[in-house]
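> the amino acid sequence is not available; the structure is as follows:
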């Protein structure tokens with residue numbers, strides 16, 4: 001996987017500082033994390049969608065891979081999980097041989113995937129979300145009421161992380177006062193051996209942090225075994241007592257934890273930050289929201305499309321096949337660039353505009369497609385909706401006052417820092 005951003009303005013070199021149309025097509029490598037840290041990936045994806053929607057990159061940090069950049073081609077791949085498997089890895093990089101960490105049931109196929117997913121699905125089901133909504137609103141109000149008005153502060157730390165980490169603690173029934181450990185483990189889980197040295201974290205330290213995560217959650221597992229009937233509805237109780245999961249080995253348990261922590265933390269956290277930035281970049285849309293706050297629910301889906309908090313998912317070909325006229329060989333890496341598909345104007349009208357009243361707004365790929373569609377999508381949408389309902393009740397403007405510091409990652413498309421200033425209602 002790839003890693004959190006280093007502090008300060010990112011350097012630019014190579015592709016990040018080049019004209020996307022000046023590089024030979026076969027040399028384009030959109031797995032370059034610097035493109036995402038500098039927000040310079042868009043021209044490369046635009047060119048690939050036009051000239052090579054099924055594109056082969058022979059040399060990269062992660063080895064050779066295929067890029068799938070158009071909406072309908074990604075849907076085609078997602079609709080054929082028998083040919084395009086999730087079992088090897090769901091990110092472009094491969095697991096370390098001496099630390100074979102996978103991401104739980106999202107790296108499974110077929111009946112085994114369905115059985116494991118069904119164990120935890122009730123925690124994110126509509127009935128439980130209805131129960132959680134008052135608690136989420138209470139926490140949102142507490143966070144917003146604690147913010148300084150008229151002073152600059154980091155929205156990522158004070159709002160995005162605080163809200164999503166608190167929600168994760170609730171879903172795991174994890175000690176609330178220790179909730180920031182979940183953020184730390186999430187960041188460690190998405191750090192890559194190729195880049196950890198650049199941010200002062202060695203691969204050994206990363207593995208040590210994840211083993212600490214496993215140790216803590218193993219203790220919670222032992223506390224909750226054989227307690228499925230006591231009315232609890234949390235992810236650990238579900239896993240410890242589910243027929244398909246109660247016998248999983250420690251590394252598979254850790255992989256499942258990573259899936260649930262990253263899925264519940266990074267995605268919502270970065271959509272919360274991305275929505276603030278988008279409204280600042282499109283002030284007419286912000287005014288549209290002030291004029292008609294009933295657009296919030298629709299806007300939430302547009303924020304999630306616009307941000308695309310997970311830039312890609314990887315599949316591995318299980319057999320020789322053909323896609324878009326290209327011959328893909330058994331074992332080839334096939335990377336589904338959701339971040340590109342969500343700007344595909346052949347599938348989404350005015351895709352490069354942020355429109356909070358967009359019709360058919362739920363037609364996007366930020367949650368994936370098919371059997372691996374994000375289990376927590378409704379929870380993410382609910383958190384964003386409640387947050388913006390309470391923001392609009394308190395503030396005229398959440399003003400971005402500094403350049404966003406983006407994460408150096410080709411997987412988690414997000415923010416390390418976003419400085420803002422709050423303006424009260426007149």
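Now that the structure is in, tell me what you want to look at. Keep in mind it's a predicted model, so treat the numbers as computed, not measured. Residues are numbered from 1 along each chain as shown.
> state the distance from residue 385 to residue 301.
For residue 385, the distance to residue 301 equals 10 Å [Cβ to Cβ, to the nearest Å]. Quick note: C-beta positions are derived from backbone N, CA and C, even for glycine.
> compare the two (neighbour count), which wins?
residue 301 (22 against 18; other Cβ atoms under 10 Å).
> per-residue confidence at that one?
According to the prediction, residue 301 has pLDDT 97.
> backbone dihedrals for it, please?
phi -60, psi -40 (degrees, to the nearest 10).
> name the nearest residue to it, sequence neighbours excluded.
In space, not counting the residues next to it along the chain, residue 301 is nearest to residue 361; the distance is 4.3 Å by Cβ to Cβ, 6 or more residues apart in numbering.
> so that neighbour sits against residue 298, correct?
Yes. With contact defined as Cβ atoms under 8 Å, residue 361 reaches residue 298; the gap is 5.3 Å.
> what's the next secondary structure element after the host helix or strand of residue 212?
Following DSSP states H and E, the helix or strand that holds residue 212 is helix 203-224. Using DSSP H and E, the helix or strand that follows helix 203-224 in sequence is helix 235-241.
> please identify the buried residues of that following helix?
Across helix 235-241, burial judged by 16 or more other Cβ atoms under 10 Å covers 235-241.
> then stretch 135-153?
In stretch 135-153, residues buried by neighbour count (16+ other Cβ under 10 Å) are 136-137, 139-140, 143-144, 147, 153.
> any idea how far apart the tips of that stretch sit?
End-to-end distance of stretch 135-153 (Cα to Cα, to the nearest Å): 25 Å.
> and if you look at stretch 292-300?
Start-to-end, stretch 292-300 (Cα to Cα) is 14 Å.
> in that stretch, what's buried?
For stretch 292-300, burial by neighbour count (16+ other Cβ under 10 Å) applies to 295-296, 298-300.
> would you list these in a markdown table and tack on secondary structure and distance to residue 79?
Listed next are the buried residues of stretch 292-300 as a markdown table, based on DSSP: H, G, I helix; E, B strand; the rest coil; distance: Cβ to Cβ, whole Å:
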| residue | secondary structure | distance to residue 79 |
| --- | --- | --- |
| 295 | helix | 32 |
| 296 | helix | 32 |
| 298 | helix | 27 |
| 299 | helix | 29 |
| 300 | helix | 26 |
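> outside of the helix or strand harbouring residue 142, which residues touch it?
Counting by DSSP H and E, the element that carries residue 142 is helix 126-145. For helix 126-145, the surrounding residues in contact (Cβ atoms under 8 Å, 6 or more residues apart in numbering) are 122, 158-159, 162-163, 166-167, 170, 233, 378-379, 382-383, 386-387, 390-391, 394.
> chain center to it, what's the gap?
Here the centre of helix 126-145 is set off from its chain's centre by 21 Å, with Cα atoms, centre = their mean, to the nearest Å.
> what of stretch 316-331?
Worked out by Cα atoms, centre = their mean, stretch 316-331 lies 27 Å from the chain centre.
> any idea how far apart the tips of it sit?
6 Å.
> can you list contacts of that stretch?
53-54, 56, 66, 68, 73, 76-77, 82-89, 332-334.
> and the angle for the strand or helix carrying residue 260 with helix 203-224?
Taking DSSP H and E as the definition, residue 260 sits inside helix 250-281. Calculated by axes from the mean of the first three to the mean of the last three Cα atoms, to 10 degrees, helix 250-281 forms an angle of 110 degrees with helix 203-224.
> give me the buried positions along stretch 318-330.
For stretch 318-330, a neighbour-count test (16+ other Cβ under 10 Å) marks 318, 321, 323, 328 as buried.
> restricted to strands, list the contacts of helix 126-145.
Judged by DSSP state E, strands contain none of those.
> if you average pLDDT over the helix holding residue 142, what comes out?
91.
> may I see the buried residues of the helix holding residue 260?
Neighbour-count burial for helix 250-281 [16+ other Cβ under 10 Å]: 251-280.
> now do the helix or strand encompassing residue 421: distance to the chain's middle.
Using DSSP H and E, residue 421 sits in strand 419-424. Put simply, strand 419-424 sits 25 Å off its chain's centre (Cα atoms, centre = their mean).
> low-scoring stretches of the stretch 151-300 of the chain, by residue?
Along the stretch 151-300 of the chain, the model assigns pLDDT under 70 to residues 191-201, 228-232.
> kindly recompute the last result at 50.
For the stretch 151-300 of the chain, the stretches flagged by pLDDT under 50 are 193-199.
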